[in-house]
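> here's a sequence, model it:
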Amino acid sequence: MSVQWFPGHMTKAIRNIKQMLPAVDMVIECRDARIVESSHNPLIDEVIKDKPRLIVLTKKDLANPLLTEQWHKKLEIEGAVVISLNVLKDNVAKKIEQGCLLVMKEKQEKDLRRGIKPRIIRAMIMGVPNVGKSTIINRAANKKVNETANRPGVTQSLKRVKVSDTLEIVDSPGLLWPRFENQEQGMNLALCLSVKETGFEVDQVIAYGLKRLSKDYKNKIVERYQVEDISDIEQIKKNIVRITGKQENDGSMMVLRDIQNHVFGRFTWDEIIDDLQD
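Presented below is the predicted three-dimensional model:
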């Protein structure tokens, strides 16, 4: 079984992005702080080439804070400009604007030396589905510009939004790529709601998710599902249906929603290399 979801609108979106890129100064690449590596779309590197980039780690409030800090450090060591956001509580407009100004600082200073007054920065925001791009735009613009939902595939067109006198953001649909590098990456994306349920086998994903979560939350899993063996997915499904009195897909979807909605607590699915943990 493979995790895969690449709807037709994404192919069209890639064409539109390529056409629009020459008109923007930089790219804001959003990655989910829980899956910093898994949510890095290789298509973005391929499409934007050497275009200046700000990396935004979204949903930091759902990730392990220590690992978010380590991922942040790793990306900075690699030369990236990085900010981490709780998109619902942080001053999104200020942080995004400061990040973009930092990315464009060298170019703007060069322009000033040549007597060219810096114009408004135009940045295209990109990332996998449901990474928080539309919420960032709405918060930065201080109004509802785009529809938001905790599911992938909501934004399907390009929109231009003025954030301030110094920044304009061009939105883009969430983009996946035709084939994931490995199935762990696909399952990480599925557990963070970046892939629709039609793109994967639910029981396989929840088995993977519970096994990973057991590292930090085994007691909570055992208590919630009233099982000793957390690998017994069939028993877990039967128990949660009995406990809740519901009959939703034999319990599979209820367990999946528990994991996706962080019933057990904050968790980072992408592990960091050991040399940054020491």
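
> CA atoms only for stretch 32-50, dumped as CSV, please.
Only the C-alpha atoms of stretch 32-50 are listed here, as CSV (Å, rounded to 0.1, in the frame of the first residue of the first chain):
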residue,chain,number,x,y,z
ASP,A,32,4.7,22.1,9.2
ALA,A,33,6.9,22.2,12.3
ARG,A,34,5.8,18.6,13.1
ILE,A,35,7.1,17.3,9.8
VAL,A,36,9.8,19.8,8.7
GLU,A,37,11.5,17.4,6.4
SER,A,38,8.4,15.5,5.2
SER,A,39,6.6,18.8,4.3
HIS,A,40,9.5,20.0,2.2
ASN,A,41,8.2,19.7,-1.3
PRO,A,42,11.1,19.0,-3.8
LEU,A,43,9.0,20.6,-6.5
ILE,A,44,9.5,24.0,-4.8
ASP,A,45,13.3,23.7,-5.1
GLU,A,46,12.9,22.7,-8.7
VAL,A,47,10.5,25.5,-9.6
ILE,A,48,11.9,28.5,-7.7
LYS,A,49,15.6,27.7,-8.4
ASP,A,50,17.7,30.5,-6.9
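
> other residues contacting that stretch?
14, 17-18, 21, 27, 29-31, 57-60, 62-63, 68, 71, 75, 84, 126-128, 131-132, 175-177, 184-185, 188-189, 192, 194, 267-270 (CB atoms under 8 Å, 6 or more residues apart in numbering). Yep, even glycine has a C-beta here, placed from its N, CA and C like the rest.

> ranges for the helices of the protein?
With DSSP state H as the criterion, the chain has helices at 8-20, 42-48, 65-77, 92-113, 133-141, 183-191, 202-225, 233-244, 252-260, 274-277.

> got the domain ranges for the protein?
For the chain, the structural domains run 8-170, 201-277, going by automatic domain parsing.

> ok, the residue sitting furthest away from the middle of the chain to residue 79 distance?
Outermost residue of the chain with respect to the C-alpha centroid, by CA atoms, centre = their mean, is residue 115; its distance is 39.4 Å. According to CB to CB, to the nearest Å, residue 115 and residue 79 sit 30 Å apart.

> how about residue 215?
Residue 215 is 31 Å from residue 79, by CB to CB.

> how about residue 233?
Residue 233 is 43 Å from residue 79, by CB to CB.

> so what's residue 170 bridging to?
Note on residue 170: beta-bridge partners by DSSP bridges are residue 124, residue 160.

> my guess is it contacts residue 137. True?
No. At 9.6 Å, residue 170 does not count as touching residue 137 under the criterion of CB atoms under 8 Å.

> okay, these two: which has more neighbours?
Set residue 170 next to residue 137 and count neighbours by other CB atoms under 10 Å: residue 137 wins out with 25 against 21.

> per-residue confidence for that one?
Note on residue 137: pLDDT of 90.

> give me the distance between the residue farthest from the centre of the chain and residue 21.
For residue 115, the distance to residue 21 equals 27 Å [CB to CB].

> before we move on, what about residue 60?
28 Å.

> so the two - more neighbours on which side?
Counted by other CB under 10 Å, residue 60 and residue 21 do not tie: residue 60 has more neighbours, with 24 against 17.

> roughly how far apart are that one and residue 89?
In terms of CB to CB, residue 60 sits 10 Å off from residue 89.

> try residue 20
31 Å.

> and residue 250, by the same measure?
Taken as CB to CB, the span from residue 250 to residue 89 is 37 Å.
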